[in-house]
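output the structure for:
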Amino acid sequence: MKFSFKPLPAGIVAPRGFHAAGVYCDIKRLGTGKGSEKGAKRDLALIVSAEPTAAAGLFTTNQVCAAPVKLCVEHLREAHARAIVVNSGNANACTGRQGMKDARVMAEAAARVLKIPATQVFVASTGRIGVPLPMANVRRGIAAAARELSADATGAGNAAEAILTSDTRPKEIAVEFRLGAHPVRIGGMCKGAGMIQPGMSPTGARPASAPLHATMLGFITTDASIEKPALQAALTESVAASFNRITVDGDMSTNDTVIAMANGLAGNPRITRGRRADFLKFQSALQHVTLELAKMIVRDGEGATRFVTVRVAGARTRTEADMAARSVANSVLVKTSWFGGDPNWGRILDALGYSAAKIDERRVDVAYSAPGGRERLYSLRRGQPAKTPFRSLCEQVARPEFDLHIHLNTGRGSAVIYAADLTEAYVEFNKGNINDPASLGG
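All right, here's what the predicted structure looks like:
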């Protein structure tokens, strides 16, 4: 379903009844390695609804799962939610019993200052793995954020900044659409630049078909009136077509989290899965928001210079198309050739060949186009080099954004993955420095 959306300012607080803040409380701790050189960057965010909300969530399926994710899965069972507290600079992952205790203390500290039950507070963390949270700083940050809560663009922007790690810029969006006579708003913010190939599920349990996959965190607010199961269904479908369709480096984080809260202040008739027309319209708007946020993550990938939409068609099944697309999108050789502007179809065929999809090299077509463009430049037709001038292919791959079309010609399955190239800057950022032990380890 396609319809128009009205863009709005103020991101996460654009929907009625939501407030946000972002503060600095030195969670990473200045002088303790990579990331701390950013100085007094905001590192704790608080998002609060004035009214109880229906909530939905999806979480990493990594078998090594951070304490905040476990707590969120537990709190998601509650009927209502009111707030989300997020810190950057420390993932609170691989921190054992202390990590779970600290996650609960974060929720309790926010609940105390907001005068709400702790079970109505979600917690998310991102940053270094294996280091205990500096809880005195965290408590101080939560209290400060509660004092600064606002419903304007400044509060939203400060919160969006506070959740960043290796990101170079905040990622925010908000839209308005109508359900009958009622204007409904959806706002969102996210973070992510490295360790990006989310594969999230509502419980964190890995489906049999899930691929093994930086931390990416996404938070959605809406003033729509919608029942909790319908919100979960809409979020699950939206994330499947957005955050679970991106890759920067093929790594799945211990902390991937997407949470949505709906407080009903738009006053629309309550959306249920039975109200099919309203549900589909809401789900379409939600998917627009999550997809735009997901694309922002890829475009801001660590060291990335290319945004590539990998489109695989003609596979035997949709699952095989997905496996083929991920194999190409995560191939180090393919990604480095994109960085060099090299339309190297040999590397693409190689990546297809070792994927779990059924491939007949004599049938494969490979082509390039402008983003969303219909005119295609073929480098391979039915497994043989095409007659397209090499210079034309190079010009296409040298663009900051392009589509890679792969047709396997074995069936009707298709899939799309949004990917980034791999550059020297990525290696430089992630290689560590043995002369600076504080930058190494978790």
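
in the top helix by length along the chain, which residues are buried?
When the chain is scanned for its longest helix (criterion: DSSP state H), the result is helix 276-299. By neighbour count with 16 or more other C-beta atoms under 10 Å, helix 276-299 contains the buried residues 278-279, 281-299. For the C-beta atoms, the positions are set from N, CA and C on the backbone; glycine is no exception.

and stretch 109-116, by the same measure?
Those would be Ala109, Ala110, Ala111, Val113, Leu114, Ile116, for stretch 109-116 by 16+ other C-beta under 10 Å.

what sits against the third one?
So that's Ala111. Ala83, Pro117, Ala118, Gln120, Val121 (C-beta atoms under 8 Å, 6 or more residues apart in numbering).

now do the fifth one
With contact set as C-beta under 8 Å, 6+ apart, Leu114 has these partners: Val48, Arg82, Ala83, Val121, Ala146.

export the residues you listed as CSV, with columns for neighbour count and pLDDT.
CSV is the format used below for the contacts of Leu114 (neighbours: other C-beta atoms under 10 Å; pLDDT from 0 to 100):
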residue, neighbour count, pLDDT
Val48, 24, 98
Arg82, 24, 98
Ala83, 25, 98
Val121, 28, 98
Ala146, 20, 98
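
let's have the residues you listed in JSON lines, adding distance to Ala20 and secondary structure.
Formatted as JSON lines, the contacts of Leu114 follow (distance: C-beta to C-beta, whole Å; DSSP: H, G, I helix; E, B strand; the rest coil):
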{"residue": "Val48", "distance to Ala20": "7", "secondary structure": "strand"}
{"residue": "Arg82", "distance to Ala20": "13", "secondary structure": "strand"}
{"residue": "Ala83", "distance to Ala20": "10", "secondary structure": "strand"}
{"residue": "Val121", "distance to Ala20": "14", "secondary structure": "strand"}
{"residue": "Ala146", "distance to Ala20": "11", "secondary structure": "helix"}
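
stretch 164-178: end-to-end distance?
Start-to-end span of stretch 164-178 (C-alpha to C-alpha, to the nearest Å) is 32 Å.

hmm, back to that, by contact count, what packs against the longest helix of the chain?
strand 171-179, strand 182-191, strand 217-222, helix 228-240, strand 246-247, strand 307-315, strand 413-420 (3 or more C-beta pairs under 8 Å, 6 or more residues apart in numbering; DSSP states H and E).

among those, which is nearest Lys335?
strand 413-420 (7.3 Å; C-beta to C-beta).

run the chain-centre distance for whatever helix or strand comes next after that closest one.
As assigned by DSSP states H and E, the chain's next helix or strand after strand 413-420 is helix 424-430. Relative to the centre of its chain, helix 424-430 is centred 21 Å away, using C-alpha atoms, centre = their mean, to the nearest Å.

in helix 424-430, what counts as buried?
Within helix 424-430, the residues that count as buried by 16+ other C-beta under 10 Å are Tyr426.

now the residue of the chain positioned farthest from its centre: which helix or strand?
Here the chain reaches farthest from its C-alpha mean at Lys387, the gap being 39.0 Å by C-alpha atoms, centre = their mean. Assignment of secondary structure by DSSP H and E places Lys387 within no helix or strand.

still on that earlier bit, could I get the contacts of Ala111 in JSON lines, plus columns for distance to Ala156?
Listed next are those as JSON lines, based on distance: C-beta to C-beta, whole Å:
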{"residue": "Ala83", "distance to Ala156": "15"}
{"residue": "Pro117", "distance to Ala156": "25"}
{"residue": "Ala118", "distance to Ala156": "25"}
{"residue": "Gln120", "distance to Ala156": "21"}
{"residue": "Val121", "distance to Ala156": "19"}
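
tell me the one of those residues nearest Lys41?
Ala83 (22.2 Å).

let me know the closest of the contacts of Ala111 to Ile163.
Closest to Ile163, out of all of the contacts of Ala111 and judged by C-beta to C-beta, is Ala83, at 14.5 Å.

quick revisit: output the buried residues of stretch 109-116 as TSV; include the columns distance to Ala91 and secondary structure.
Output for these, formatted as TSV (distance: C-beta to C-beta, whole Å; three-state DSSP):
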residue	distance to Ala91	secondary structure
Ala109	19	helix
Ala110	18	helix
Ala111	22	helix
Val113	24	helix
Leu114	24	helix
Ile116	25	coil
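
tally of neighbours for Pro269?
By other C-beta atoms under 10 Å, the residues close to Pro269 number 11.

residues contacting it?
Leu179, Gly180, Ser225, Arg275, Asp278.

so it versus Ile226, what's the distance?
Distance of Pro269 to Ile226, given as C-beta to C-beta, to the nearest Å: 10 Å.

for the helices and strands packed on helix 276-299, state which one has the densest average packing.
strand 217-222 (a mean of 30; mean count of other C-beta atoms under 10 Å).

regarding Asn435, what is its secondary structure?
Under DSSP: H, G, I helix; E, B strand; the rest coil, Asn435 falls in the coil class.

burial count for it?
For Asn435, using other C-beta under 10 Å, the count is 7.

next one, pLDDT for it please.
pLDDT recorded at Asn435 is 70.

repeat for the one 3 residues further on
The per-residue pLDDT reported for Ala438 equals 62.

repeat for Phe122
pLDDT, Phe122: 98.

quick one, phi psi at it?
phi -90, psi 150 (degrees, to the nearest 10).

what's the burial count for the nearest residue in space to it that is not next to it in sequence?
Spatially, and ignoring its direct neighbours in sequence, Phe122 is nearest to Ile84 (4.5 Å; C-beta to C-beta, 6 or more residues apart in numbering). Look at Ile84: counted by other C-beta under 10 Å, it has 29 neighbours.

pretty sure Ile84 is in contact with Gln120, am I right?
No: contact criterion C-beta atoms under 8 Å: Ile84 and Gln120 do not qualify, at 10.2 Å.

who wins for proximity to Ala54 among the helices and strands packed on helix 276-299?
helix 228-240 (4.2 Å).

neighbouring contacts of that closest one?
Taking C-beta under 8 Å, 6+ apart as the rule, helix 228-240 contacts 54-58, 79, 200, 202, 218, 220, 226, 258, 260, 262, 271-273, 279, 282-283, 286-287, 289-291.

lowest-pLDDT helix or strand in this structure?
One helix or strand of the chain scores below all others by mean pLDDT, DSSP states H and E: strand 200-201, with a mean of 62.
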